[in-house]
Each structure stands twice: as C-alpha cells, then as structure tokens.
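Colleague: all I have is the shape, not the residue letters:
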C-alpha cells in the first residue's frame, strides 16, 4: 500500500513538472514571435528630439507614460501604427509613442534618442542631467487610436 502511494505521488509530480515545462516553452515561443513582429514593424525607425508633451496613464495597475517628441532628425517622414503589439505615430515632425512605466526617480524625459545607429536602444535624458538606456520596443501598452492624437 505504501509503495502505491509513493508511486502515485511520483507520477503526479512528474506530470505537473511536464505540464509546467510545456507551458513555459510555449509562452517563451509566443513572446519571441511577438518580439520579431514588433522588430519587423519598427526596427528601422530612428529619430531623436525634444519631449514637448507627455501623458501619464494607468495600465495593468501601474503608471505608464507616453510622450510627444519634436523631431530633430528622423529617417521616416510619416508613420502611423497602432495594433495589439505596437503604437507609434510620426506626423508633421512630431513622434507620439509610449515609453513604459513611469519611474518617479527619473520623471518624464526631456530628450529622447530612438534606435540611433540601429542599436535597438532608446536613450532618455532627464532634466536632472541623468540618462537612461532602455530596449527599443514601442510596445502598445493599452493605448488606443484616440490616445495617439495627444499632439497632432
């Protein structure tokens, strides 16, 4: 009787572990596909400029923010993409896009450099002189088409 209990427990553990491994790899595979799709939509975009407006909004219970940037340079004249993965609008020399979670220590950046040199990074410069480097993503974090009209 004791052997049956140990065998049952071992099989139950192995089944649970197997399910965990399968779910983990399927989730990772889907995330990789999303990253590739985002990169295919936005990977060639490069620009820099001064932040002229911003908006803080709630997404997944956290304060996220989006910015409008008056472009100094940009390799795209006009662009509008908003779907489940990406949100960016470039029109009349202004780029509107989300950056991510608002970190009170940094606040809102004053200058942004996106993907310069195709390095896949965004550089944020702040009023206090600090800089921060983040992955270049442009992921849509709960924004709608109406939100993208923040500046133009």
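Modeller: Here it is on my side, so go on. What you are looking at is a predicted structure, and each value in this text was computed from that prediction instead of being measured.
Colleague: next, give phi and psi for residue 149.
Modeller: Backbone torsions for residue 149, taken as degrees, to the nearest 10, come to phi -90, psi 20.
Colleague: how about residue 117?
Modeller: Note on residue 117: backbone dihedrals following degrees, to the nearest 10 are phi 70, psi 10.
Colleague: any idea how far it lies from residue 133?
Modeller: 13 Å (CB to CB, to the nearest Å). C-beta coordinates here come from the backbone N, C-alpha and C atoms, glycine included.
Colleague: can you give me the domain assignment for the protein?
Modeller: Here the domain assignment for the chain is 1-42, 46-149, based on automatic domain parsing.
Colleague: just those domains: most buried one?
Modeller: Highest mean neighbour count of the domains of the chain: domain 46-149, a mean of 16 (counted as mean count of other CB atoms under 10 Å).
Colleague: and that one, end to end?
Modeller: Terminal residues of domain 46-149 lie 21 Å apart, using CA to CA, to the nearest Å.
Colleague: quick one: distance of that domain to the chain centre.
Modeller: Put simply, domain 46-149 sits 9 Å off its chain's centre (CA atoms, centre = their mean, to the nearest Å).
Colleague: ok, then the element right after the helix or strand bottoming out on mean pLDDT in the chain?
Modeller: Here the helix or strand of the chain ranked lowest by mean pLDDT, DSSP states H and E is helix 2-42, holding a mean of 60. Note on helix 2-42: by DSSP states H and E, the next helix or strand toward the C-terminus is strand 47-59.
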